[in-house]
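A.B. asks: what's the 3D shape of this:
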Amino acid sequence: MPRNSRPRPVVHALAGLLVAASVFGCGAPDDNAPADDDSPAAIPDKPSKPVALEILDVAGNLQLTQPMIDDFVEQNPDIVSKVSYDKAPAPDLAGKIKAQQQADRVQIDLVLTGTDGLAAGISQNLWTDMSAHEKAIGGAPDYLEPAADMQELAQGKGTVLVYYPSGPLIQYSPGKVTDPPGSPQELLAWAKENPKKFQYADPANSGPGRTFLMGLPHLLGDKDPKDPKSWDKTWKYLKELDKYIDNYASGTTETMQNLADGQVDMVATTTGWYINPRALGTVPKDVRVAHFHDMTWVTDAQYAVVPRGVDADTMSAVLRLIKWMLTPEQQAKAYDDGYFYPGPAVKDVPLEMAPEKSQQVIEEYGAPELDTWIEEFPKQPSLPAEQQVEAFDMWNREVASQ
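C.D. replies: This next block holds a predicted model:
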C-alpha cells in the first residue's frame, strides 16, 4: 500500500474480530514445527550471493521502517538483491506461517509484527530463537529502558525495532465533548449519557484497543494487572460499558473514520494515533487528546521475527539488516509522521536527528503535553505473550460475545 494511503498505526488497518484459540494456538507448541537448523555456527557472516527477501508486515511497521530497509538494500547490493513487501491481518499470521512450515516451504523471510503476532507465533513455536544471534546484530542493543522491558516480552523470539509509550488515551471532538473524562468511571458515566458515541476497536487487532484493555486493570485496581483471570473489576467494567457501545471496530482506522464523520464523538487512542491521523487529514486537526488521572502507560513495541526454516544465507542477510535498523541514524527515521510517537527504541536519538519532514510534522501536529505525560506517569510493558492471548480470548468471551 502506498505510504500516502495511511494511517495504520500500531496495528493498523487490520481486519477481523475473532481471535479464536485455533488461530492463536493457545495450547502447547506444535510438535510438527520444523527443527531449528540455524545455529550461529551455521550462519555465514555474509550470504554467498545476494538474496531476495520476502518481508511480511502485519503491524503497519513499514510506515516506520521501510526507509531503513530500502536504504540498506541500496547500500548493500552484495547482500540483498531486492525486497518484496506484503501485508496481512495479524490474526492470519500464525496460520500462514505454520502452513508454510508444515509444507517445508518457508517463503516469508522476515515478519514485522506487534505484540499480537509475536504472541501468536510464540504460542505455536513458529519463530527462530534470535537470542542465539545477538552477536551477529552487534550485541545487545542499547535500548531505552521501557523498550528493553518490551524486548523481554519477546522471550528471545524477536527483536524490538520501534517503541512507544502507547496509552491508554482518549481522543475526542471538542465541539461535542467539552469536559473529557478523567477516569474510567467518568468515561462510563459519559457513555451512559451519550450512548453509541464512544468506541474502541477489537483489542487483538488494534493498538489503542489493546492498550485500553491492558490499562484498565491499573486504573481500576485489579489484583494483578498481569493476570487477565484476576481482572474482576475490568471485566465487570467492560461488560457495563458494552451496553452503551454500538459496535467494536475491526481496526483502529475504522474508529478514526467514525470520529471524523461524526458517528462517534470519542475513541480510545495512543500518542501515535493522535498525531498521525491529524497529520494525514483522516481526522480534523482540532481533535483533542486527554489522559486518565493517575494513569499507567502501557508501553508497546513492534518486532522483527524470523520464521523457523529460513535458509542460512537468508538468515545472514536478515541479521545484517536488523543490525542496520538498530543504529541511531536509522532509528531516527522511526519518528516518521508521528505514527508511533516517539518511535525510536534505542537511546540518544533526539527528534533533531529525524528527517526534516518528520520534525515539521511533529512540530505542527504533535502536542507538548504528550511529552509531559510521558515523563509524569509510570510505565508498564504490555502483557507477556501467553497472558496477552488469554486476555484477547477472554475479551471475546466476556465482552464482545455479549
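A.B. asks: rest of the way, CA atoms for contacts and neighbours
C.D. replies: OK.
A.B. asks: would you state the helices of the stretch 201-350 of the chain in chain order?
C.D. replies: According to DSSP state H, counting those that start in this stretch, the stretch 201-350 of the chain carries its helices in the segments 207-220, 232-242, 252-260, 271-280, 312-325, 328-331.
A.B. asks: cool, the stretch 51-200 of the chain as well?
C.D. replies: For the stretch 51-200 of the chain, helices defined by DSSP H, counting those that start in this stretch occupy the ranges 62-75, 93-102, 115-123, 145-153, 184-193.
A.B. asks: helices or strands next to the second one in the packing?
C.D. replies: By that I understand helix 93-102. Counting contacts by 3 or more C-alpha pairs under 8 Å, 6 or more residues apart in numbering; DSSP states H and E, helix 93-102 packs against helix 21-24, helix 115-123.
A.B. asks: mean pLDDT for those helices: which is lowest?
C.D. replies: Least confidently modelled of the helices and strands packed on helix 93-102 is helix 21-24, at a mean of 35 by mean pLDDT.
A.B. asks: quick one: residue 312 and residue 44 touch, right?
C.D. replies: Yes: counting by C-alpha atoms under 8 Å, residue 44 is a contact partner of residue 312 at 6.9 Å.
A.B. asks: those two: who's more crowded?
C.D. replies: Using other C-alpha atoms under 10 Å as the criterion, residue 312 and residue 44 rank with residue 312 on top: 21 against 15.
A.B. asks: identify the residue spatially nearest to the more buried one, adjacent ones excluded.
C.D. replies: By the measure of C-alpha to C-alpha, 6 or more residues apart in numbering, the closest residue to residue 312 outside its immediate chain neighbours is residue 43, 5.1 Å from it.
A.B. asks: buried residues in stretch 324-338?
C.D. replies: The neighbour-count check on stretch 324-338 (16 or more other C-alpha atoms under 10 Å) flags 324-328, 330-338 as buried.
A.B. asks: how about those in a markdown table, adding distance to residue 292 and pLDDT?
C.D. replies: Below are these laid out as a markdown table (distance: C-alpha to C-alpha, whole Å; pLDDT from 0 to 100):
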| residue | distance to residue 292 | pLDDT |
| --- | --- | --- |
| 324 | 38 | 98 |
| 325 | 34 | 98 |
| 326 | 33 | 98 |
| 327 | 35 | 98 |
| 328 | 33 | 98 |
| 330 | 34 | 98 |
| 331 | 30 | 98 |
| 332 | 30 | 98 |
| 333 | 30 | 98 |
| 334 | 27 | 97 |
| 335 | 25 | 97 |
| 336 | 27 | 96 |
| 337 | 25 | 95 |
| 338 | 21 | 95 |
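A.B. asks: find the nearest non-adjacent residue to residue 278, please.
C.D. replies: Closest to residue 278 by C-alpha to C-alpha, 6+ apart is residue 285, at 5.1 Å.
A.B. asks: what sits against the one you found?
C.D. replies: 278-279, 365 (C-alpha atoms under 8 Å, 6 or more residues apart in numbering).
A.B. asks: that one and residue 251, how far apart?
C.D. replies: Computed as C-alpha to C-alpha, to the nearest Å, the residue 285 to residue 251 distance reads 21 Å.
A.B. asks: and residue 232, by the same measure?
C.D. replies: The value you get for residue 232 to residue 251, if C-alpha to C-alpha is used, is 26 Å.
A.B. asks: who's more crowded, those two?
C.D. replies: Just comparing residue 232 and residue 251: by other C-alpha under 10 Å the higher neighbour count belongs to residue 251, 29 against 15.
A.B. asks: give me the phi and psi for the more buried one.
C.D. replies: phi -160, psi 170 (degrees, to the nearest 10).
A.B. asks: quick check, it in contact with residue 201.
C.D. replies: Yes: at 5.4 Å, residue 251 and residue 201 qualify as touching, with contact defined as C-alpha under 8 Å.
A.B. asks: before we move on, back to that, export the buried residues of stretch 324-338 as a markdown table, with columns for distance to residue 126.
C.D. replies: Output for the buried residues of stretch 324-338, formatted as a markdown table (distance: C-alpha to C-alpha, whole Å):
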| residue | distance to residue 126 |
| --- | --- |
| 324 | 24 |
| 325 | 23 |
| 326 | 23 |
| 327 | 27 |
| 328 | 30 |
| 330 | 28 |
| 331 | 27 |
| 332 | 30 |
| 333 | 29 |
| 334 | 27 |
| 335 | 30 |
| 336 | 30 |
| 337 | 32 |
| 338 | 31 |
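A.B. asks: which one of the contacts of residue 285 is nearest residue 69?
C.D. replies: Among the contacts of residue 285, residue 279 lies closest to residue 69 (C-alpha to C-alpha), at 23.7 Å.
A.B. asks: and the closest residue to the closest one other than its chain neighbours, how far is that from residue 311?
C.D. replies: In space, and not counting its chain neighbours, residue 279 is closest to residue 365: 6.1 Å by C-alpha to C-alpha, 6+ apart. With distances taken as C-alpha to C-alpha, residue 365 is found 44 Å from residue 311.
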